[in-house]
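> Got a predicted structure plus its sequence, pasted below:
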Amino acid sequence: MSSSSIWHPFTQHALEPAFGKIAATEGAYLIEESGRRVLDAISSWWVITHGHRHPLIVQAVRHALDRYDQIIFAEYSHEPAEELADELVRISPTGLEHVFFSDSGSTAVEVALKMALGHFHNLGMPRSRIVVMAHSYHGDTIGTMSAGERGVFNAAYQPLLFSVDTIPFPVAGQEQATLDELERLCRSGEVAALLVEPLVLGAGGMKTYSATLLARLREITSHYDVLLIADEVMTGWGRTGSLFACDQAGISPDILCLSKGITGGVLPLAVTLASPDIFASHYSEDRRRTFFHSSSYTANPIACAAAVANLQIWRDEPVMSRLDWISGEHDRRLVQLSKLTTVAETRQAGTIAAIELRVSEGGYLAEIGPKLRRFFRERGLLIRPLGNVIYLMPPYCVTERDLDLAYGAMEEAIRLFGGARP
Ligand SMILES: *Cc1c(COP(=O)(O)O)cnc(C)c1O
């Protein structure tokens with residue numbers, strides 16, 4: 001029994017009583033108290049991009065602390081936020097010109113949903129339906145759970161969740177069903193927004209769909225004046241091989257949600273970018289049209305400074321070639337793994353590699369998950385399978401040796417556990 005009073009996230013303490021401590025982080029590694037190094041093959045839940053404690057970001061944080069702490073953002077602005085906002089507008093898909101700050105991915109999505117409803121409300125033609133894609137994940141607040149896939153994670157809260165309309169996941173070869181359903185829903189004239197994770201559904205099991213399909217979703221929403229909200233909380237900052245996943249489809253959403261890698265993973269921060277139309281519908285001498293949202297830590301200057309440093313790394317370092325290299329390595333190595341009979345499918349999007357195992361029952365609670373986690377930890381790897389899907393989402397400083405270690409362990413795991421009964 002652990003003596004800690006901490007209640008950990010997504011943890012069943014009756015099954016996992018004690019947690020070891022991490023004493024330090026460095027590059028692609030977590031260093032346990034014993035000095036043992038563990039490869040952070042999932043970027044500490046998808047937040048670390050360049051590597052742990054990139055010197056430029058650490059330095060920027062130290063420097064910012066000499067001048068700032070929290071500053072009330074409903075009253076003042078500050079240089080780190082201004083610089084970050086300008087740069088975000090410059091690098092994000094065209095047409096996103098307004099930056100609203102918050103502090104987590106869930107909040108960024110909540111803000112997006114409120115902007116969408118506020119937009120139509122302020123225009124005097126209220127629309128209240130939100131369309132989402134099956135198997136999506138958008139966060140753990142009541143609002144974002146409502147928009148996400150329903151299941152064991154949110155069964156207890158079901159009575160509080162609002163209803164949304166769901167389009168099927170665009171399974172390869174059956175994409176038309178997704179598009180047809182979206183059109184059917186849009187025709188009602190009641191849909192405010194389509195909320196999607198572009199190209200990769202992360203928590204839903206690293207399910208991938210094509211940039212062409214994403215572009216079609218944009219065409220349909222534009223045609224019906226339905227707002228497109230891109231939740232790039234996970235896919236942003238290079239994960240799918242381009243800075244943003246939307247870039248691959250050549251599209252601009254009306255609202256873009258970013259968080260996780262925005263500070264390189266060093267500090268919590270989120271932004272929701274909006275089009276001039278959405279800003280304009282809230283812009284009025286009538287105070288009732290104000291966008292009524294704020295978090296206490298909105299645009300924390302230290303976090304903004306970390307994000308500014310992250311953007312500098314993107315400008316000054318060969319990040320793109322690192323992404324290309326990781327992508328190529330995944331590609332080559334996944335071909336090998338896909339030959340194993342217990343592998344049902346392999347999927348890849350840029351730096352994300354996923355292997356779906358053939359087991360008698362899938363889903364997050366599949367018993368195989370905890371066994372695999374233990375197996376990987378014993379081999380010095382932090383890998384957390386999503387049910388029967390094993391995936392890697394490494395920091396971009398990962399080396400060939402690191403990938404040898406990860407793929408070697410995955411192959412061993414597949415041979416041992418593939419086809420296992422849950
Ligand atoms: C992680 C995630 C979120 C929620 O972000 P938090 O910072 O954990 O609140 C929202 N959307 C997507 C696509 C995510 O992967």
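Yes, it's here. The shown structure was predicted, so the numbers you read here are calculated from the model rather than taken from an experiment.

> from this protein, which residue is nearest to the ligand?
Using Cβ to the nearest ligand atom, the closest approach of the chain to the ligand is made by residue 105 at 2.1 Å. Bear in mind the C-beta positions are built from the backbone N, C-alpha and C, glycine included.

> Residue 85 contacts residue 97, doesn't it?
No. The pair residue 85 / residue 97 is not scored as a contact, 9.7 Å apart, by Cβ atoms under 8 Å.

> Tell me, what's the model's pLDDT at the residue of the chain closest to the ligand?
Residue 105 is assigned 98 on the pLDDT scale.

> And for residue 287?
Value for residue 287, per-residue pLDDT: 96.

> Please tell me how far it sits from residue 296.
22 Å (Cβ to Cβ, to the nearest Å).

> What of residue 161?
26 Å.

> neighbour count winner among these two?
Comparing residue 161 with residue 296 by other Cβ atoms under 10 Å, the one with more neighbours is residue 161, at 16 against 9.

> Give me the nearest residue to the more buried one, chain neighbours excluded.
Nearest residue to residue 161 in three dimensions, chain neighbours excluded: residue 146, at 4.1 Å (Cβ to Cβ, 6 or more residues apart in numbering).

> My read is that that neighbour contacts residue 162, right?
Yes. Contact status for residue 146 versus residue 162: in contact at 4.6 Å, counting by Cβ under 8 Å.

> Which of those two has more residues huddled nearby?
For residue 146 versus residue 162, neighbours defined as other Cβ under 10 Å are more numerous around residue 146 (21 against 12).

> sec struct for that one, please.
helix (DSSP: H, G, I helix; E, B strand; the rest coil).

> how close does it sit to residue 139?
Going from residue 146 to residue 139 by Cβ to Cβ gives 10 Å.

> Does the ligand have contacts with stretch 281-300?
No. Using Cβ under 6 Å from any ligand atom, stretch 281-300 never reaches the ligand; the gap is at least 11.8 Å.

> Okay, buried residues for that stretch please.
281, 282, 291, 295, 297, 298, 299, 300 (16 or more other Cβ atoms under 10 Å).

> which non-adjacent residue is nearest the most centrally placed residue in the chain?
The chain has residue 234 as the residue nearest its centroid, 1.7 Å off, counting by Cα atoms, centre = their mean. Nearest residue to residue 234 in three dimensions, chain neighbours excluded: residue 202, at 4.2 Å (Cβ to Cβ, 6+ apart).

> Would you mind confirming that that neighbour makes contact with residue 235?
Yes. Counting by Cβ under 8 Å, residue 202 touches residue 235, with 7.5 Å between them.

> Neighbour count: these two, which is higher?
Looking at residue 202 and residue 235 with other Cβ under 10 Å, you find the greater number of neighbours at residue 235, namely 29 against 23.

> which other helices and strands contact whichever helix or strand residue 374 is part of?
Secondary structure assignment for residue 374, by DSSP states H and E: helix 368-378. For helix 368-378, the elements it packs on are helix 400-417, judged by 3 or more Cβ pairs under 8 Å, 6 or more residues apart in numbering; DSSP states H and E.
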